[in-house]
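Novice: coords please:
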Amino acid sequence: MSRVGREPIHIPDGVKVTIDSKLVKVNGKLGELQRELPTGITVALEEKLLRVGRKDDSRNQKALHGLSRSLLANMVTGVASGFKKELEIIGVGYRCEKRGKALQLSVGFSHKVIFIPPEGIEIEVKDTTKFSVNGINNEIVGDIAAKIRAVRPPEPYKGKGIKYVGEYIRRKAGKSTIK
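Specialist: Modelled structure (predicted):
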């Protein structure tokens, strides 16, 4: 049995889970998420626990079992407390600021890059070089953070660019002169 899939999902107070055959809806204080389960995956609700099962032990079903359990756990966590990805900008003259809902980046191009987040995602600017992407859907939060990072990924010589907080950038040695 899948090690991830066999773990039950604890449902915190204030979160309501409804199951309609293959559709699972999760409501919480931050919003609502829903997901359709793959064929062969079952979900059972027992008081404050959610258990995920599968129909057989085929390789595909084992993979879907753990995946489905992780996705459902992320849904429960998302509507209860939300997800956050923190990013920082490194470089002289590189900065960010919030313009309405949009994020405006000055990262060494001849123009400013304006990034408008989709519905349900909020960008919070802490100071001119640090900001975070917040939302209830872990997949979308991670995707948006990756798209913003891709505007100017950190380069290996000086480390200039947009990086995740705590991300390690492998540095290369610059050119050496011949003596």
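
Novice: show me the domain layout of the chain.
Specialist: For the chain, the structural domains run 9-80, 83-164, going by automatic domain parsing.

Novice: pipe the ones you listed into TSV and attach mean pLDDT, mean neighbour count and distance to residue 175 per row.
Specialist: For the C-beta atoms, the positions are set from N, CA and C on the backbone; glycine is no exception. Output for the domains of the chain, formatted as TSV (pLDDT from 0 to 100; neighbours: other CB atoms under 10 Å; distance: least, CB to CB, whole Å):
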stretch	mean pLDDT	mean neighbour count	distance to residue 175
domain 9-80	92	16	45
domain 83-164	94	16	10
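
Novice: could you identify the longest helix within this protein?
Specialist: helix 59-80 (DSSP state H).

Novice: who touches the helix or strand following that helix?
Specialist: Later in the chain than helix 59-80, the nearest helix or strand by DSSP states H and E is strand 83-90. Residues from elsewhere that reach strand 83-90 (CB atoms under 8 Å, 6 or more residues apart in numbering): 74, 77, 95-96, 105, 107, 128-138, 141-142, 144-145, 148-149, 154, 159-165.

Novice: got JSON lines for the domains of the chain, with distance to residue 172 too?
Specialist: Output for those, formatted as JSON lines (distance: least, CB to CB, whole Å):
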{"stretch": "domain 9-80", "distance to residue 172": "36"}
{"stretch": "domain 83-164", "distance to residue 172": "5"}
